[in-house]
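> below are the sequence and a predicted model for it; my questions follow.
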Amino acid sequence: MPLLPIPNRLVVLTFDDGNKSDFTYVAPLLKQYGFGATFYITEGLNFLTNKQHYLTWDEVYQLHQSGFEIGNHTRHHTHVNEQTQEEFLTDLEYINARCQQYNIPIPETFCYPAAIHSPQSLEVLAKKGVRFARRGDAICGMEPEGGRGPAYDPNVHHRLLIPTTGMSGPNWSFDDFVWAVEQAKDGKVAVLTFHGVPALEHPWVNTPPDDFKVYMDFLNDHGFTVIALQDLSKYVDLRMERSGNQSARV
Ligand SMILES: [Zn+2]
């Protein structure tokens, strides 16, 4: 399929950590608008023990069945810059295997735990054929309690270091949201990162459900195209390997 030009008002929606609200609140709401999204799953944090706050694998499967993308967020949610390449690969492949076990396709996209990346982990992702990986709004890591980052520009950013344009949290307001999505123009894509709606265990990345509904209404009312990270392959040439200087800056 020939690549499509990146339209104005293209927004990628991502949700980290497998919060229960992915299933109980976010997905049903996104379905009403026909929006795509990626849910990044890890068995770290308290995924294995706190099933009130985190998804079950059956719910992850149902999210996939409803048409959403399931992405890899590693087995243990360990900072990848503290792991050997072998340790990172093992954690990455573990989530792939869990997905296969639940009849979920092997994830094509990845999200760095705590948004911390490293040249070594990028090498592993490239070797494994991961198509896109999302980082935080800061150069490495994320702004505490929400913030602004660059819009994704395939001419500037490596496809395995896609920045977060808007990171939702207590310090992120409607104005920040509008600023982020207004960056989606001139060949650039706005990438939004959410956690739980609400994030019951992690108040520093919380999004109140009423606020989230306002954001989604705005995207709907203003004619945005809202996609999962893997859908970028319709627009971005995967052979394009930009910015060796970006990974050198890690
Ligand atoms: Zn995370």
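Right, received. Where do you want to start? Numbers count the residues shown, from 1 in each chain.

> run the chain-centre distance for the lengthiest strand in the chain.
Looking across the chain with DSSP state E, the single longest strand is strand 10-16. On the basis of C-alpha atoms, centre = their mean, to the nearest Å, strand 10-16 sits 6 Å off its chain's mean C-alpha point.

> can you give the contact residues for that strand?
Strand 10-16 is touched from outside by 22, 26, 30, 35-40, 71, 73, 111, 134, 152, 164, 181, 184, 189-195, 197, 205, 219, 224-229, 231-232, 235, with contacts defined as C-beta atoms under 8 Å, 6 or more residues apart in numbering. Yep, even glycine has a C-beta here, placed from its N, CA and C like the rest.

> quick one: the strands in this structure?
Under the criterion DSSP E, strands of the chain are mapped to 10-16, 38-41, 69-72, 109-111, 132-134, 147-148, 166-167, 190-194, 225-227.

> point out the one among these that comes closest to the ion.
Closest to the ion of these is strand 10-16 (C-beta to the ion; 4.1 Å).

> and the closest one, anywhere near the ion?
Yes. Among the residues of strand 10-16, residue 16 lie within reach of the ion under C-beta under 5 Å from the ion.

> for whichever helix or strand comes after that strand, what is the average pLDDT?
Next helix or strand after strand 10-16 toward the C-terminus (DSSP states H and E): helix 21. Mean pLDDT, taken over the full extent of helix 21, equals 97.

> what do you get for stretch 140-158?
Here stretch 140-158 scores 92 as its mean pLDDT.

> for it, buried residues please.
Across stretch 140-158, burial judged by 16 or more other C-beta atoms under 10 Å covers 140-143, 146-154, 157-158.

> and which of these is nearest the ion?
Out of the buried residues of stretch 140-158, the member with the shortest distance to the ion (by C-beta to the ion) is residue 142, at 9.3 Å.

> list the contacts for the residue nearest to residue 183 when sequence neighbours are not counted?
For residue 183, ignoring the flanking residues on the chain, the nearest one in space by C-beta to C-beta, 6 or more residues apart in numbering is residue 151 at 3.7 Å. Residues near residue 151 by C-beta under 8 Å, 6+ apart: 163, 165, 180, 183, 184, 188, 189, 190, 191.

> show the model's pLDDT score for the residue nearest to residue 42 when sequence neighbours are not counted.
Of all residues not flanking residue 42 in the chain, residue 73 sits nearest, at 4.0 Å (C-beta to C-beta, 6+ apart). According to the prediction, residue 73 has pLDDT 98.

> do I have it right that residue 73 meets residue 114?
No. In this structure residue 73 lies outside contact range of residue 114 using C-beta atoms under 8 Å: 10.2 Å.

> looking at these two, which one has more neighbours?
Using other C-beta atoms under 10 Å, the more surrounded residue of residue 73 and residue 114 is residue 73, with 28 against 15.

> tell me who's in contact with the more buried one.
Contacts here follow C-beta under 8 Å, 6+ apart; on that basis residue 73 touches 16, 17, 18, 40, 41, 42, 44, 95, 110, 111, 113.

> nearest to residue 212 among those residues?
residue 16 (14.4 Å; C-beta to C-beta).

> excluding chain neighbours, what is closest to that closest one?
Closest residue to residue 16 apart from its sequence neighbours, by C-beta to C-beta, 6+ apart: residue 40 at 4.8 Å.

> dump the residue contacts of that neighbour.
By C-beta under 8 Å, 6+ apart, the contact list for residue 40 reads 14, 15, 16, 17, 18, 71, 72, 73, 110, 111.

> what parts of the chain come near the ion?
Looking at the ion, the residues of the chain close enough under C-beta under 5 Å from the ion are 16, 17.

> where does pLDDT dip in the chain?
Within the chain, the ranges that satisfy pLDDT under 70 run 240-250.

> beta partners of residue 227?
Residue 227 forms beta bridges with residue 12, as assigned by DSSP bridges.
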